[in-house]
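Task: produce atomic coordinates for the following.
(chains A, B, C and D)
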2 protein chains.
Amino acid sequence: MSVAPKERIQQAFGDSLRSARLDAELSQEELAHRAKLDRSYVGSVERGERNISLENIVKLSRALEISLADLFADFDP
Amino acid sequence: MSVAPKERIQQAFGDSLRSARLDAELSQEELAHRAKLDRSYVGSVERGERNISLENIVKLSRALEISLADLFADFDP
DNA sequence: TTGTGACTTCCAGTCCGTA
DNA sequence: ATACGGACTGGAAGTCACA
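Numbering: from 1, shown residues only, chains lettered A, B, ... in the order given. Predicted coordinates:
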């Protein structure tokens, strides 16, 4: 049974986030500001370095104006 | 602009999780075991007391055999 | 504009119990 | 089967300076 390792989960989310951010034509800085998060924190999430929690996932999806279901639509760890 | 408070986000997820767990006809204990999480922790998540992280969200969705998109389908904080 | 290392604070997550 | 408490450890949150 292959449990997706933590790193792959984080990377998959980082990829989904970056993709959604670029679709919205926002910089990391702009996204961070709208989500009220630190710019470097958002960057580290996109790079798959952070095991982000639900609250911040919601903040980012709201800043991107997309639903969580959409954000996770192509999420495949 | 009304930002959804942390408590409401956690409660909304707890509700979604409980609903999905009951659909799968699993007890908290069975779900926790399949997801390799602590029984009391899963209970506290369902009660909206925890800001769960991405890795454990994925563990639970896998244990429930549903996609994240489905788990978040009716997620409305 | 983004990556990165270093850092502290505090809560996610575990484990034990009771009812 | 579930809720809920206490005590504990690891790790997420959050920030900054600099490349």
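
chain center to the helix or strand harbouring residue A:30: distance?
If you go by DSSP states H and E, residue A:30 is part of helix A:28-35. Computed by CA atoms, centre = their mean, to the nearest Å, the chain-centroid distance of helix A:28-35 equals 12 Å.

Write out the residues of chain A neighbouring chain B.
Residues of chain A found near chain B (CB under 8 Å from any CB of the partner chain) are A:3-4, A:6, A:9-10, A:13, A:36, A:51-55, A:57-59, A:62, A:67-70, A:72-73, A:75, A:77. From N, CA and C alone the C-beta is placed, and that goes for glycine too.

so does the helix holding residue A:30 get close to DNA strand D?
No: for a cut-off given as CB under 7 Å from any atom of the strand, helix A:28-35 has no contacts with DNA strand D; the smallest distance is 9.1 Å.

If you count neighbours, what's buried in that helix?
A:28, A:31-32, A:34-35 (16 or more other CB atoms under 10 Å in any protein chain shown).

which ones among those residues come in contact with DNA strand C?
The subset of those within reach of DNA strand C, by CB under 7 Å from any atom of the strand, is residue A:28.

so can I have TSV of the buried residues of helix A:28-35 showing pLDDT?
Shown next, in TSV, are the buried residues of helix A:28-35 (pLDDT from 0 to 100):
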residue	pLDDT
A:28	98
A:31	98
A:32	98
A:34	97
A:35	97
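
Looking at the buried residues of helix A:28-35, which is nearest residue A:21?
The nearest member of those to residue A:21, counting by CB to CB, is residue A:31 at 5.3 Å.

pretty sure residue A:66 contacts residue A:20?
Yes: the criterion here is CB atoms under 8 Å, and residue A:66 meets it with residue A:20 at 6.0 Å.
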